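A.B. asks: give me coordinates for this.
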Amino acid sequence: MRRKHVVAMAVVAIVVLVVITVYFRVFHWQQRSAEAWIRGPLVVTANTVLHGELEGGRVFEWSLDRFGLLRTIQLPEDSVFNWAQTRVHAVERGVIVVSTHRALYGIDHATGDVKWTHHVSPREVLVGEAVYYVSHNGSVGAIHPEDGQQLWLASAIGAVAGTLSGEALVVIGPNSISALRAQTGEVLWSLDYDGMAGDYGPFITATESGVAVIYQDATGAAVGTGLNANAGEVMWSKAQPFPFPYVHSLMGEAGVAFAILRRGAVVALNVHSGEQIWSRQLSFAPADVRSSPFITPDRILLISGYSLAELNRASGELKQRIRLPGGRGIGEIVLCRDGHYVYFNERRLYRKRR
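C.D. replies: Residues are numbered from 1 along each chain as shown. Just a heads-up that it's a prediction; the model follows:
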């Protein structure tokens with residue numbers, strides 16, 4: 001009898017342990033401290049997630065299996081260097097591509113050693129067949145990710161942002177848009193537009209051979225324009241039904257440009273015609289948006305106020321809303337291949353099974 005009682009108690013203990021484990025792994029946000037101000041974006045590999053920091057020149061890599069810190073990688077010291085924001089952009093061909101406001105770095109993913117450095121003052125970094133950058137000093141260039149060889153360098157005075165579309169690198173400034181051949185840097189076309197410089201923007205994104213732009217005109221209104229990336233032909237140009245200062249970011253996927261608005265709205269536009277496919281205003285408060293969304297083949301993950309909102313990508317329908325830990329969300333979120341959300345807010349990293 002005593003033995004049966006002991007066995008029953010052991011079974012109950014195992015069941016309780018399983019329930020607690022399932023709760024913390026499935027329903028609960030696991031939390032880790034980076035002991036530094038985290039700087040996005042979050043870059044996910046097969047079994048790790050990487051990010052930079054606000055200052056200090058370090059790269060952090062976390063295990064997705066055990067959700068623990070695997071290592072930190074310190075960038076080389078420079079006596080005249082102000083670290084400012086350290087960003088991880090991609091892991092390409094075994095190389096971690098990292099930028100600060102003064103330089104671009106290629107770090108061997110296996111060893112953590114810095115393979116190459118380019119002091120190019122990058123304003124924006126894009127990673128495809130090469131590492132492309134738009135610099136603060138008016139240049140655009142391409143670097144081979146494995147050995148750091150400068151593939152080409154071109155002038156782009158006034159360029160503030162860029163996007164990759166097929167074989168073209170398209171860059172934009174307050175009053176002009178230019179396309180360069182991604183392989184060689186040869187100028188394919190250039191055109192002027194009636195834009196007005198502001199505190200932020202204009203915004204540009206691309207899908208396949210189409211490029212979408214949202215800029216502020218002389219009256220302060222938001223104007224959307226669609227371009228053929230290969231020829232520079234203007235396919236459409238339309239006033240948008242929202243003030244330009246509301247625009248937070250512009251992202252493109254599969255022929256659709258998603259305009260993310262600071263007051264908790266998303267507008268989906270057809271890149272090739274400019275027609276509005278759908279528009280969704282999040283109704284809960286606060287609904288302010290402070291970071292770029294994460295787009296999957298069927299969902300848009302958007303941090304809005306204190307919540308994660310999941311929208312259907314095709315229709316904009318709100319599929320679910322999840323309360324986020326750590327106060328009002330100012331970080332970024334990704335959905336990993338193993339089905340976990342990974343999210344950061346200030347100094348903390350969080351994980352939860354979808």
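
A.B. asks: strands paired with the lengthiest strand in the chain, and their directions?
C.D. replies: Secondary structure assigned by DSSP state E gives strand 234-243 as the longest strand of the chain. Take DSSP bridges as the rule and strand 234-243 pairs in its sheet with strand 221-228 (antiparallel).

A.B. asks: residues contacting the longest strand of the chain, please?
C.D. replies: With contacts defined as CB atoms under 8 Å, 6 or more residues apart in numbering, strand 234-243 is touched by 191, 210, 214, 220-228, 259, 261, 265, 267, 272-274, 276. Every C-beta, even on glycine, is put in place using the N, C-alpha and C of the backbone.

A.B. asks: kindly format the C-alpha coordinates of it as PDB.
C.D. replies: Output of strand 234-243 as PDB, limited to C-alpha atoms (Å, rounded to 0.1, in the frame of the first residue of the first chain):
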ATOM      1  CA  VAL A 234       6.800  55.900 -63.900                       C
ATOM      2  CA  MET A 235       3.900  53.400 -63.700                       C
ATOM      3  CA  TRP A 236       1.700  55.500 -61.400                       C
ATOM      4  CA  SER A 237       1.800  58.500 -59.100                       C
ATOM      5  CA  LYS A 238      -1.000  59.200 -56.600                       C
ATOM      6  CA  ALA A 239      -1.700  61.300 -53.500                       C
ATOM      7  CA  GLN A 240      -2.100  59.100 -50.400                       C
ATOM      8  CA  PRO A 241      -4.900  59.200 -47.900                       C
ATOM      9  CA  PHE A 242      -2.700  59.900 -44.900                       C
ATOM     10  CA  PRO A 243      -0.300  62.700 -43.900                       C
END
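
A.B. asks: past that strand, which element shows up next along the chain?
C.D. replies: For strand 234-243, the following helix or strand on the C-terminal side (DSSP states H and E) is strand 247-253.

A.B. asks: let me know the angle separating that following strand from strand 234-243.
C.D. replies: 140 degrees (axes from the mean of the first three to the mean of the last three CA atoms, to 10 degrees).

A.B. asks: and residue 272, what does it touch?
C.D. replies: Applying CB under 8 Å, 6+ apart, the residues contacting residue 272 are 210, 226, 235, 236, 255.

A.B. asks: check these and tell me the two furthest apart.
C.D. replies: 236 and 255 (13.4 Å; CB to CB).

A.B. asks: picking up where we left off before, pLDDT on the longest strand of the chain, on average?
C.D. replies: In this model, strand 234-243 has an average pLDDT of 91.

A.B. asks: buried set for that strand?
C.D. replies: Neighbour-count burial for strand 234-243 flags 235, 236, 240, 242 (criterion: 16 or more other CB atoms under 10 Å).

A.B. asks: how much space separates the residue lying closest to residue 68 once chain neighbours are set aside from residue 90?
C.D. replies: Sequence neighbours aside, residue 62 is the residue nearest to residue 68 in space, at 6.8 Å (criterion: CB to CB, 6 or more residues apart in numbering). Distance of residue 62 to residue 90, computed by CB to CB, to the nearest Å: 17 Å.

A.B. asks: and what of residue 238?
C.D. replies: 33 Å.

A.B. asks: which is the next helix or strand following the lowest-mean-pLDDT helix or strand in the chain?
C.D. replies: Within the chain, no helix or strand scores below helix 2-22, which has a mean of 54 by mean pLDDT, DSSP states H and E. Remark: after helix 2-22, the chain's next helix or strand is strand 30-33, criterion DSSP H and E.

A.B. asks: which residues does the residue positioned nearest the centre of the chain contact?
C.D. replies: Residue closest to the mean C-alpha point of the chain, counted by CA atoms, centre = their mean, is residue 41 at 5.1 Å. Residues in contact with residue 41 (CB under 8 Å, 6+ apart) are 51, 87, 88, 89, 292, 332.

A.B. asks: report pLDDT for the residue nearest to the fifth one when sequence neighbours are not counted.
C.D. replies: By that I understand residue 292. Computed as CB to CB, 6+ apart, the closest residue to residue 292 that is not its neighbour in sequence is residue 249, at 4.7 Å. According to the prediction, residue 249 has pLDDT 90.

A.B. asks: same thing with residue 40?
C.D. replies: 88.

A.B. asks: mind listing what the residue nearest to it when sequence neighbours are not counted touches?
C.D. replies: In space, and not counting its chain neighbours, residue 40 is closest to residue 332: 4.2 Å by CB to CB, 6+ apart. By CB under 8 Å, 6+ apart, the residues touching residue 332 are 40, 41, 42, 291, 292, 294, 303, 343, 344.

A.B. asks: doesn't the third one belong to a helix?
C.D. replies: This means residue 42. No. Read with DSSP: H, G, I helix; E, B strand; the rest coil, residue 42 is strand and lies in no helix.

A.B. asks: residue 346 versus that one, what's the distance?
C.D. replies: According to CB to CB, residue 42 stands 14 Å off from residue 346.

A.B. asks: which one of the two has more residues nearby?
C.D. replies: Counted by other CB atoms under 10 Å, residue 42 and residue 346 do not tie: residue 42 has more neighbours, with 22 against 14.

A.B. asks: having no further points to raise, I will conclude here.
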